[in-house]
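**Q** Curious how this folds, go ahead:
(2 chains)
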Number of protein chains: 2
Amino acid sequence: MRPVVRTSAAMIAAAFVLVGAAGSRAQDADVRGAVEAANRAWIAAFLRGDSQGIGNLYTAGAQAFPPQGDIVRGREAIARMWQAVIDSGVKGVTLTTLEVEAAGDIACEVGTYRLTGDGGTVLDAGKYVVVWKKEDGAWKLHRDIWNSSVPSAKG
Amino acid sequence: MRPVVRTSAAMIAAAFVLVGAAGSRAQDADVRGAVEAANRAWIAAFLRGDSQGIGNLYTAGAQAFPPQGDIVRGREAIARMWQAVIDSGVKGVTLTTLEVEAAGDIACEVGTYRLTGDGGTVLDAGKYVVVWKKEDGAWKLHRDIWNSSVPSAKG
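**A** Numbers count the residues shown, from 1 in each chain, chains lettered A, B, ... in the order given. The predicted structure follows:
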């Protein structure tokens, strides 16, 4: 008896889809690791008051979207925006990544944040979406938008 | 004289990069057209009070991130969220796409919005980031987050 070896175009297509899906999931996990490492660097820079260090984690053409403000364009302007937050008395930042979906050189992160002041009082808590982009071989924040989950507090 | 025909690995690589970049820009433009068409359908559904029609423009696993609220997960919950906005007296919606960047089956849109009430009074104006995903052959809203640009108004 000879084994029946038949390959249809549909089988080949199905194999490509499976390989593609597995590749995509593996990429999601790889990118998530890079994103979480960059978030740790973001927090470390914030805690030492280094807004330029935060800015360097963004792409050259990055945009940030602060609630109750206009779109902030470019690394330097974004660094100034975070300097104002540092100067406002925020002492602690928590960023919790909920998911990362990647495709090519773009990745979408969903997460939650918490800002605390003196004595650990919660100043604000909410959620964010960051679109990350691979630039010069590193994943960087490209579009950064968030809003508060606290009812009738500042957004 | 014979023409000098030399092809280096670097030249081939450069050609691939150029073709890739051109392909990416073409994809951005194609996806932008699909995104703007879907936004027109979104507004049409909103204006006729059809929150289920809005929901159908989102992926099955979509998430929305309303200011001053928790993450809203899934098409049905998102439809209920928009029904509440329709019921609150919003009469007009403007969505202005500023840019679309696509990679594979994911695309990132940045835009601005404006909500108006009776007599065209502006109720809120702000910006949004929507991550679109191609599902069942159509580009659908996958992650939808926004916040107000109005100082000290609701986010």
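
**Q** tell me the mean pLDDT over the helix or strand where residue A:52 lies?
**A** Residue A:52 is part of helix A:51-55, with elements assigned from DSSP states H and E. On average, the pLDDT along helix A:51-55 is 98.

**Q** Now do the buried residues in it.
**A** Buried residues in helix A:51-55, counted by 16 or more other CB atoms under 10 Å in any protein chain shown: A:51, A:53-55. All C-beta atoms are positioned from the backbone trio N, CA, C, and that covers glycine.

**Q** Report all helices and strands that it contacts.
**A** Packing partners of helix A:51-55 (3 or more CB pairs under 8 Å, 6 or more residues apart in numbering or on different chains; DSSP states H and E): helix A:9-47, helix A:75-87.

**Q** So residue A:140 sits against residue A:54, correct?
**A** No. The criterion here is CB atoms under 8 Å, and residue A:140 misses it with residue A:54 at 11.3 Å.

**Q** Lowest mean pLDDT across the helices and strands packed on helix A:51-55, which one is that?
**A** Looking at these, the weakest mean confidence is helix A:9-47, a mean of 78.

**Q** Identify the residues contacting the nearest residue in space to residue A:83 that is not next to it in sequence.
**A** Closest residue to residue A:83 apart from its sequence neighbours, by CB to CB, 6 or more residues apart in numbering or on different chains: residue A:51 at 3.8 Å. By CB atoms under 8 Å, 6 or more residues apart in numbering or on different chains, the residues touching residue A:51 are A:45, A:79-80, A:82-83, A:86.

**Q** Contact partners for residue A:48?
**A** Counting by CB under 8 Å, 6+ apart, residue A:48 has no contacts.

**Q** And it, its phi and psi?
**A** phi -90, psi 10 (degrees, to the nearest 10).

**Q** State the distance from it to chain B.
**A** 28 Å (CB to the nearest CB, to the nearest Å).

**Q** ok, now residue A:152?
**A** 6 Å.

**Q** which SS class is that residue?
**A** coil (DSSP: H, G, I helix; E, B strand; the rest coil).

**Q** pLDDT score assigned to it?
**A** In this model, residue A:152 carries a pLDDT of 76.

**Q** excluding its backbone neighbours, what's nearest it?
**A** Using CB to CB, 6+ apart, the closest residue to residue A:152 is residue B:68 (6.3 Å).

**Q** part of a helix, is the one you found?
**A** No. Counting by three-state DSSP, residue B:68 is not part of a helix but coil.

**Q** isn't it right up against residue A:125?
**A** No. Look at residue B:68 against residue A:125 with CB under 8 Å: they stay out of range, at 11.3 Å.

**Q** The two: who's more crowded?
**A** Neighbours of residue B:68 and residue A:125, each counted by other CB atoms under 10 Å in any protein chain shown, are more numerous for residue B:68; the result is 18 against 15.

**Q** Look at the more buried one and report its pLDDT.
**A** So residue B:68 comes in at 96 (pLDDT).

**Q** Any idea how many residues pack against residue A:67?
**A** 25.

**Q** That one against residue A:150, yeah?
**A** No. Assessed by CB under 8 Å, residue A:67 is found out of contact with residue A:150, at 11.4 Å.

**Q** sorry, back to before: do you know how far the residue nearest to residue A:83 is from residue A:97?
**A** Computed as CB to CB, to the nearest Å, the residue A:51 to residue A:97 distance reads 22 Å.

**Q** Just confirm residue A:89 is within a strand.
**A** No. Counting by three-state DSSP, residue A:89 is located in no strand; its state is coil.

**Q** how far away is it from residue B:51?
**A** 41 Å.

**Q** Residue A:133 pairs with what?
**A** residue A:106, residue A:140 (DSSP bridges).

**Q** Tell me how many other residues surround it.
**A** Using other CB under 10 Å: residue A:133 sits among 21 other residues.

**Q** ditto for the one 5 residues further on
**A** The burial metric for residue A:138, expressed as a neighbour count using other CB under 10 Å, is 13.

**Q** Residue B:128 versus that one, what's the distance?
**A** For residue A:138 relative to residue B:128 (CB to CB), the value is 27 Å.

**Q** With residue A:64 instead?
**A** From residue A:64 to residue B:128 the distance is 13 Å (CB to CB).

**Q** What score does the residue most central in space within chain A have for pLDDT?
**A** Centroid-nearest residue in chain A, with CA atoms, centre = their mean: residue A:130, separated by 3.9 Å. Residue A:130 is assigned a predicted lDDT (pLDDT) of 98.

**Q** next one: the one 3 residues further on
**A** According to the predicted model, the pLDDT of residue A:133 comes to 97.

**Q** OK, contacts around it?
**A** Per CB under 8 Å, 6+ apart, neighbours of residue A:133: A:59, A:105-107, A:139-140, A:142, B:101.

**Q** Residue A:34: which of the residues you listed is nearest?
**A** Nearest to residue A:34, judged by CB to CB, of the contacts of residue A:133 is residue A:139 at 4.4 Å.
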